[in-house]
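Colleague: Fold the following.
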Amino acid sequence: MINREESVHSDDGINYNFYGGKADKKTGVYERDDIGEKEEIEGFEIDDKASPILETSLKNHVETNKNRKIQITYDVNGQERDQIISSSTFENLSTEK
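Modeller: Just a heads-up that it's a prediction; the model follows:
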């Protein structure tokens, strides 16, 4: 279960928002208009039929950063856990063409 619903603002000009995804949504990168239905993340339970959606928006000038990671907090059977996720998708976010 996800514990946080507010936007996460990074120091490098990226806003991250999590939502709950519908069971028929496949994993991947989507344009904002193609994400489909999403649910508020607070209390959303992730199982083999549903997954989280991460929506990002870039402000002004954002450069790629090979050290960029995201930390999430969630519950598993009532026990709170933190996880740091590394991904080339996060690392390569940039406003440069």
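
Colleague: who's in contact with the spatially most central residue of the chain?
Modeller: Nearest residue to the geometric centre of the chain (Cα atoms, centre = their mean): Leu54, 2.6 Å. Counting by Cβ atoms under 8 Å, 6 or more residues apart in numbering, Leu54 touches Tyr16, Asn17, Phe18, Ile70. C-beta here means a position set from N, CA and C on the backbone, and glycine is covered the same way.

Colleague: which residue ranges form the strands in the chain?
Modeller: Here the chain has its strands, by DSSP state E, at 8-9, 14-21, 38-40, 52-58, 69-76, 79-86.

Colleague: rewinding a little: so what pairs up with the residue nearest to the centre of the chain in the strands?
Modeller: Phe18 (DSSP bridges).

Colleague: which one of the strands of the chain lies closest to Ser94?
Modeller: Of all these, it is strand 52-58 that lies closest to Ser94, at 7.7 Å by Cβ to Cβ.

Colleague: For this protein, name the helix or strand with the lowest mean pLDDT.
Modeller: strand 8-9 (a mean of 52; mean pLDDT, DSSP states H and E).
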